[in-house]
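Engineer: Need coordinates for the below:
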Amino acid sequence: MTTVLAPVAGTAVGLAAVPDPVFSQAMVGPGSAIDPERAPGQAVAPISGTIVKLHAHAYIVEGDDGRGVLVHLGIDTVQLKGEGFRLLAAEGDRVRAGQPVVFWNPAAVEEGGRSPICPVVALDAADGDVNGQVRGGVGAGDDLFEWS
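Structural biologist: A predicted model of the protein is given here:
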């Protein structure tokens, strides 16, 4: 069992609320999403492990058991080419759950006409493997869902 933490503070919602079919239809895997607080802040590692992919707008942390969790900071934020994001870690770094990975400003993402919602996806997991999804207010580092 892997406990996946909320990478940002905000309101936890279902993936169906994400305005992107790749996420809302769980094409990359099941999980949850967070409508973030609009204040600038840190996005943290959802699990302990190694950062296997790191872009300004998205990152994957792979646990020692080989399970990868994707955090995507906003929708269509790849188009920002890193503007408004600051990396606080590097690809290949070992991180502990809750450790800061990226600093960003959800309000600036929204002001640019993009959704700041943050999908948190259990990569390659089966639908029934993710349960206990929290709904409502969460802080960065709070439990978000369980991956069995």
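Engineer: ok, how many other residues are close to the closest residue in space to A89 that isn't next to it in sequence?
Structural biologist: Distance criterion CB to CB, 6 or more residues apart in numbering; nearest residue to A89, sequence neighbours excluded, is V101 at 4.8 Å. All C-beta atoms are positioned from the backbone trio N, CA, C, and that covers glycine. A count of nearby residues for V101, using other CB atoms under 10 Å, gives 22.
Engineer: pretty sure V101 is touching A45, no?
Structural biologist: Yes - between V101 and A45 there is a contact under CB atoms under 8 Å: 5.5 Å.
Engineer: so W147 bridges to which residues?
Structural biologist: T2, V130 (DSSP bridges).
Engineer: That one: neighbour count?
Structural biologist: 21.
Engineer: who's in contact with it?
Structural biologist: By CB atoms under 8 Å, 6 or more residues apart in numbering, the contact set of W147 is M1, T2, T3, V4, R67, V69, A122, A125, D129, V130.
Engineer: what does the average pLDDT come to for stretch 112-124?
Structural biologist: In this model, stretch 112-124 has a mean pLDDT of 97.
Engineer: can you map out the helices along the protein?
Structural biologist: For the chain, the helices defined by DSSP state H cover 21-24, 106-111.
Engineer: would you list those in TSV and tack on distance to V61 and mean neighbour count?
Structural biologist: Listed next are the helices of the chain as TSV, based on distance: least, CB to CB, whole Å; neighbours: other CB atoms under 10 Å:
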stretch	distance to V61	mean neighbour count
helix 21-24	17	16
helix 106-111	20	19
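Engineer: Make JSON lines from these and add distance to G74 to it.
Structural biologist: As requested, those are exported to JSON lines (distance: least, CB to CB, whole Å):
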{"stretch": "helix 21-24", "distance to G74": "11"}
{"stretch": "helix 106-111", "distance to G74": "4"}
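Engineer: ok, T50 - how many residues close by?
Structural biologist: 16.
Engineer: make that F145, sorry
Structural biologist: 23.
Engineer: For it, which non-adjacent residue is spatially closest?
Structural biologist: Q133 (4.5 Å).
Engineer: I would like the residues contacting stretch 81-99, please.
Structural biologist: Residues contacting stretch 81-99 (CB under 8 Å, 6+ apart): 3, 5, 42, 44-57, 61, 73, 77, 100-105, 108-109, 140-141.
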